[in-house]
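K.L.:
Pasted the sequence and its predicted model underneath.
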Amino acid sequence: MVDLPRRAAARTARLAALPLGYAGRSAMGLGRRLGGAPAEQVLDEIQQRTAEQLFRTLGELKGGAMKFGQALSIFEAALPEELAGPYREQLTRLQDSAPPMPTQTVREILSRDLGPDWKEKLVWLDGGPSAAASIGQVHKGRWHDGREVAVKVQYPGAGDALRADLRQLSRLARTIGPLFPGVDIKPLVEEVQARAEDELDYLLEAEAQRAFAEVFRDDPDIVVPDVVDVGETVLVTEWLDSESSLARIISDGTVEERNHYGELMVRFLFEGPSRTGMLHADPHPGNYRIIPGKKGKPGRLGVLDFGAVARLPDGRFPEVMGRLIRLTALADKEPLIQELRAEGFIKERIDVDPDLLVDYLAPLVEPTMVERFRFTREWMREQFQRINNPREPGYTVAVKLNLPPSYMLIHRTWIGGIGVLSQLEAEAPFRQILTDYLPGFADPEA
């Protein structure tokens, strides 16, 4: 069996040790400070060691621990620069890799899910994984009709590990929080918990991926591999020829590459729901693959992992979302407050100053107010600082606003997508994309 630590006590102990390890290193750092070591040197060493322990532990445990780590990774751009540096390498590594499970275990799962004659359909299977993630790993293979395929196999016990980890991480949210200043950990864990069951269901994932593959089949810029076969814990899809993920563009891409792939990612996130009624809700860089262009042409963007998908009411984004963004950009205060109250963003008996509300929301819709907007780490950090720092004027507004449950996954996906764009420091025609694909955003009188 795969070396996946599943015993609740063992996994809980390792997760519980994370904040304790941080506290211990901080105490040792204080001792070194008293001994004359420079404050900057001590802080750098503490953050470096904490990052290594945190993401090594999350990655090795897989399950919910790694899923939580991947969710955290898209918020890296929001961290203050003095903290982001030591974390960046570990975050990127977690987005793309995890320890493999034995080949024999993979074959046993294939036999159970695809039938004892699975070798007649899957005529060749690479012995080692080409990629690994939080609840499964991927092997390259060849289908009986000659197609190269990706075979995703779920780790044995992944479901139990996922649920146990997320319960423990929910309890530890307050103590893990200081490791990520500016990121509200508890609701992030709750969101991962809410979609965990869907991500374990490969049959549901196959249904979503087929829908996306169909609508993007002839798209010149975006590629979604089609589903070939599926079992309870095995998903076989067409192979996607790709040299790297979006993480490579984040680390060393050119300005042109950053802008090109950032724009394609935004277009996919908004066009996908308008054509499928579903939102791809897991926008971490490892799910976006770079397909190099031929003869000097721009590359295409491949999209993977449809386990986390929001099935939208009425098959599209709520029209009120577009109206709220437009009203905020216009600083149309009274209609804006009326819409927010009607949708439950402002609860009954809660008073919000209209001027402070617009001042608070305006920077969040800034990307829609210009023809092209460049997302940057600095801009992302400013937004998190305004929202999470009690000394900032916007904080008093933030605590009065409510996020209705029906908007939770959409909100998290948008924030995650903006986090990736800020890591890319990409410039994109955000306003035009929303005009094309977000109901209610275009000015009805235009």
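P.N.:
Perfect, I can see it now. Numbers count the residues shown, from 1 in each chain.
K.L.:
where in the stretch 201-350 of the chain is pLDDT low?
P.N.:
For the stretch 201-350 of the chain, no stretch has pLDDT under 70.
K.L.:
need the strands for this protein, in chain order.
P.N.:
Ranges of strands in the chain, per DSSP state E, are 122-125, 131-132, 136-143, 148-154, 222-223, 227-230, 234-238, 244-245, 278-280, 288-291, 300-303, 309-311, 373-374, 427-428.
K.L.:
contacting residues around the longest one?
P.N.:
To tie it back to what came earlier, the one meant is strand 136-143. For strand 136-143, contacts defined as CB atoms under 8 Å, 6 or more residues apart in numbering pick out 98, 100-101, 106, 121-126, 128-132, 148-155, 158, 228, 233, 236, 239. (Each C-beta comes from the backbone N, C-alpha and C, glycine too.)
K.L.:
and of the strands of the chain, who's closest to R210?
P.N.:
strand 227-230 (5.0 Å; CB to CB).
K.L.:
mind listing what the closest one pairs with, with the direction of each?
P.N.:
Take DSSP bridges as the rule and strand 227-230 pairs in its sheet with strand 234-238 (antiparallel).
K.L.:
Residues touching the partner strand, excluding its own?
P.N.:
Contacts of strand 234-238 (CB under 8 Å, 6+ apart): 109-110, 113-114, 122, 141, 143, 147-154, 202, 205-206, 209, 225-230.
K.L.:
and those residues, which are buried?
P.N.:
109-110, 113-114, 122, 141, 143, 149-154, 202, 205-206, 209, 225, 227-230 (16 or more other CB atoms under 10 Å).
K.L.:
What residues does L324 make contact with?
P.N.:
Counting by CB under 8 Å, 6+ apart, L324 touches 336, 339-340, 343.
K.L.:
Likewise for L438?
P.N.:
So L438 contacts 270, 317, 321-322, 325 (CB under 8 Å, 6+ apart).
K.L.:
switch the cut-off to 7 Å
P.N.:
The contact partners of L438, by CB atoms under 7 Å, 6 or more residues apart in numbering, come to 270, 317, 321-322.
K.L.:
Just among those, which is most surrounded?
P.N.:
F317 (23 neighbours; other CB atoms under 10 Å).
K.L.:
Please tell me how far that one sits from I418.
P.N.:
Separation of F317 from I418 (CB to CB, to the nearest Å): 16 Å.
K.L.:
ditto for E148
P.N.:
34 Å.
K.L.:
Ok, I346 next?
P.N.:
Applying CB to CB to I346 and I418 gives a distance of 23 Å.
K.L.:
which of these two has more neighbours?
P.N.:
Shown here are I346 and I418; by other CB under 10 Å, I418 has more neighbours (23 against 20).
K.L.:
Tell me, domain by domain, which residues of this structure belong where.
P.N.:
As assigned by automatic domain parsing, the chain contains the domains 8-97+160-194, 103-158+198-238, 243-446.
K.L.:
How far does the shortest one sit from its chain's centre?
P.N.:
Translated: domain 103-158+198-238. On the basis of CA atoms, centre = their mean, to the nearest Å, domain 103-158+198-238 sits 21 Å off its chain's mean C-alpha point.
K.L.:
And the longest one, by the same measure?
P.N.:
Its chain's average C-alpha position is 13 Å from that of domain 243-446, according to CA atoms, centre = their mean.
K.L.:
which stretches of the stretch 251-400 of the chain form helices?
P.N.:
Counting by DSSP state H, counting those that start in this stretch, the stretch 251-400 of the chain has helices at residues 255-276, 319-329, 333-343, 354-361, 377-388, 393-398.
K.L.:
just to revisit the earlier point, tell me the one of the contacts of L438 nearest L301?
P.N.:
F270 (13.7 Å).
K.L.:
Can you name the residues that contact the closest one?
P.N.:
F270 neighbours (CB under 7 Å, 6+ apart): 433-434, 437-438.
K.L.:
which one is G344 nearest to, not counting chain neighbours?
P.N.:
Sequence neighbours aside, P404 is the residue nearest to G344 in space, at 4.2 Å (criterion: CB to CB, 6 or more residues apart in numbering).
K.L.:
For that neighbour, the count of nearby residues, please.
P.N.:
As a measure of burial, P404 has 11 neighbours, counting by other CB under 10 Å.
K.L.:
what's the answer for D218, then?
P.N.:
Counted by other CB under 10 Å, the residues lying close to D218 total 5.
K.L.:
What distance do you get for it to V224?
P.N.:
Taken as CB to CB, the span from D218 to V224 is 11 Å.
K.L.:
thinking again about what came up before, could you dump the strands of the chain into CSV with distance to E392 added?
P.N.:
Formatted as CSV, the strands of the chain follow (distance: least, CB to CB, whole Å):
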stretch, distance to E392
strand 122-125, 54
strand 131-132, 40
strand 136-143, 41
strand 148-154, 43
strand 222-223, 38
strand 227-230, 47
strand 234-238, 45
strand 244-245, 35
strand 278-280, 30
strand 288-291, 32
strand 300-303, 36
strand 309-311, 30
strand 373-374, 22
strand 427-428, 27
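K.L.:
Which pLDDT value belongs to L357?
P.N.:
Looking at L357, its pLDDT reads 92.
K.L.:
pretty sure it contacts V397?
P.N.:
Yes. Contact between L357 and V397 holds when scored by CB atoms under 7 Å: they sit 5.7 Å apart.
K.L.:
For V106, list the residues it contacts.
P.N.:
139, 153.
K.L.:
go with 10 Å
P.N.:
Contacts of V106 were listed using CB atoms under 10 Å, 6 or more residues apart in numbering, and they are 2, 100, 125-129, 137, 139, 151, 153, 234.
K.L.:
can you pick the most crowded of those residues?
P.N.:
V151 (28 neighbours).
K.L.:
Could you measure from it over to V223?
P.N.:
Taking CB to CB, one finds V151 at 19 Å from V223.
K.L.:
Pretty sure K347 sits against V399.
P.N.:
No. With contact defined as CB atoms under 10 Å, K347 does not count as touching V399 (12.0 Å).
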